[in-house]
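In: sequence? don't have it. structure:
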């Protein structure tokens, strides 16, 4: 390709990535609904946006590194200490049963239906277990289900991404074991994750880098560690990235102020560019004989796998019948499914695994159908099941003065589910004694990020800005 074609191609990819997000925000739909057809259409109409022609053999390694950054960010937002009570039990059961049931059914159906080898079908099955907050979150923001449903589904989607990534890497190496040599992928990934975590701890905790340098340091360490692991053995960098994010998120007394907001913006751009690029590689010819079999596969996932897993997970839990039914009707696939399909599918094709070339186009179709199906039906289903809420009802009050606590009590008496945060131990104790829910220590710093979504926060009120004790600057 000429220099002009290369520049045009990269320019179009960025333009489509950002433009699709703008259109999706105006239409109030998940960005995936716009990104996937935009990339697919552009790839079908012109060769300028074909990343395999723009980057050649460098495309797949770059996809792997991009997925590593996405999974690191996913792990970074998961402080497991915030997953409490009945929500914790339901989410854990949803993930365990959902992964096992979806994986088994998808693999069993895919092998005869799509003409795949057993190895390729098992790989496709594990790819299709993931959902992800980048898809579930916008859908729930639009539907606005009850607080309990919001937390359960967001936590499930957030946790399933890193779990699916780890399983995908392990299955990839198990399927291709006959042609792979060297130490175990899990050992390499964990070793890289330990080294990366130590480096990030040193840079962010000891050197106390600011937002810009801290973001650059995180990006550099994640990419370098993932690249080093992948150089030793393909796709072990994904395991390392997930380990780094989860470990840092769950370290006691360790906040990552440099993560927001720039790092999240960077990750969103990477996700959009990745979706445009991956969908541009799916050709109409590759889908020609897969549409009907894939629709059958989607029907199995939607009508059998998800309801069975969700009803088993919510059995004997304090959930209403409508809430259990809504959980059974919410399992769209997202970015990690597409990215891992691109990474692992191409890797298995290179190793001569039968039917592996169908993994990416089938995953593409599953994403399109599930996102469209749930995107169009989630709101009507929620209304029919009476699990929606009329307005935004979970404010976070910042401050521990007596009058702020009285305000929280007044809001709660008005029917709002109030969450409070204060800096000083004495004020936090007074909040607890008043019977109000106390936010975790670092939640204020994450009030506009994934932490707020996981807790269902819809507004942040700063009524006590004059007091040093409750100043948001101290928390950040």
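Out: Structure's in. What do you need? The structure presented is a predicted model; accordingly, all values stated were derived computationally and were not measured.

In: and the gap between residue 8 and residue 17?
Out: Remark: distance between residue 8 and residue 17 (CB to CB, to the nearest Å) = 15 Å. To be clear about C-beta, it is placed using only N, CA and C from the backbone, and glycine gets the same treatment.

In: Which pLDDT value belongs to the closest residue to residue 75 other than its chain neighbours?
Out: Nearest non-adjacent residue to residue 75, counting by CB to CB, 6 or more residues apart in numbering: residue 245, 2.5 Å away. Confidence per residue is given as pLDDT, and for residue 245 that number is 87.

In: Kindly confirm my reading that residue 245 forms part of a helix.
Out: Yes. Under DSSP: H, G, I helix; E, B strand; the rest coil, residue 245 falls within a helix.

In: is it true that it touches residue 70?
Out: No. At 9.9 Å, residue 245 does not count as touching residue 70 under the criterion of CB atoms under 8 Å.

In: out of those two, which sits in the more crowded spot?
Out: Ranked by neighbour count (other CB atoms under 10 Å), residue 245 and residue 70 place residue 245 first, with 30 against 26.

In: which residues does the more buried one contact?
Out: Contacts for residue 245 were tallied using CB atoms under 8 Å, 6 or more residues apart in numbering; they are 71, 72, 73, 74, 75, 76, 77, 78, 162.

In: Confidence-wise, which of the residues you listed comes last?
Out: Within the contacts of residue 245, pLDDT reaches its minimum at residue 77, with 68.

In: Where do the helices of the stretch 51-200 of the chain begin and end?
Out: Listed from the start of the chain, the stretch 51-200 of the chain has helices (DSSP state H, counting those that start in this stretch) covering 51-55, 59-76, 85-114, 118-127, 133-143, 147-175, 185-201.

In: So which of the ones you listed is nearest residue 352?
Out: helix 118-127 (10.3 Å; CB to CB).

In: quick one: residue 415 is in a helix?
Out: No. Counting by three-state DSSP, residue 415 is not part of a helix but coil.

In: Tell me where the model's unsure across the stretch 301-450 of the chain.
Out: With pLDDT under 70 as the threshold, the stretch 301-450 of the chain has low-confidence stretches at 389-393, 440-450.

In: Now do the helices in it.
Out: 306-313, 321-328, 335-350, 359-385, 402-413, 425-433, 450-455.

In: and residue 415, how many neighbours?
Out: 8.

In: Could you do the one 10 residues further on as well?
Out: The criterion is other CB under 10 Å. On that basis, residue 425 has 9 neighbouring residues.

In: Then the one 4 residues further on?
Out: If you count neighbours by other CB under 10 Å, residue 429 ends up with 13.

In: low-confidence ranges in the stretch 151-300 of the chain?
Out: Residues of the stretch 151-300 of the chain meeting the criterion pLDDT under 70: 177-185, 235, 253-262.

In: hmm, try it at 90
Out: Scanning the stretch 151-300 of the chain for pLDDT under 90 picks out 151-190, 200-218, 230-243, 245-272, 274-275, 277-289.

In: before we move on, what about the stretch 1-150 of the chain?
Out: Counting by pLDDT under 90, the stretch 1-150 of the chain shows low-confidence ranges at 1-9, 21, 24-37, 40, 43-93, 98, 115, 119, 130-150.

In: related to what we said a few turns ago, take the helices of the stretch 51-200 of the chain and lay them out in TSV including distance to residue 269.
Out: Conversion of those to TSV gives the following (distance: least, CB to CB, whole Å):
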stretch	distance to residue 269
helix 51-55	15
helix 59-76	10
helix 85-114	28
helix 118-127	23
helix 133-143	12
helix 147-175	18
helix 185-201	21
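
In: Which stretch among these approaches residue 358 most closely?
Out: Of all the helices of the stretch 51-200 of the chain, the one in closest proximity to residue 358, counting by CB to CB, is helix 85-114 (5.6 Å).
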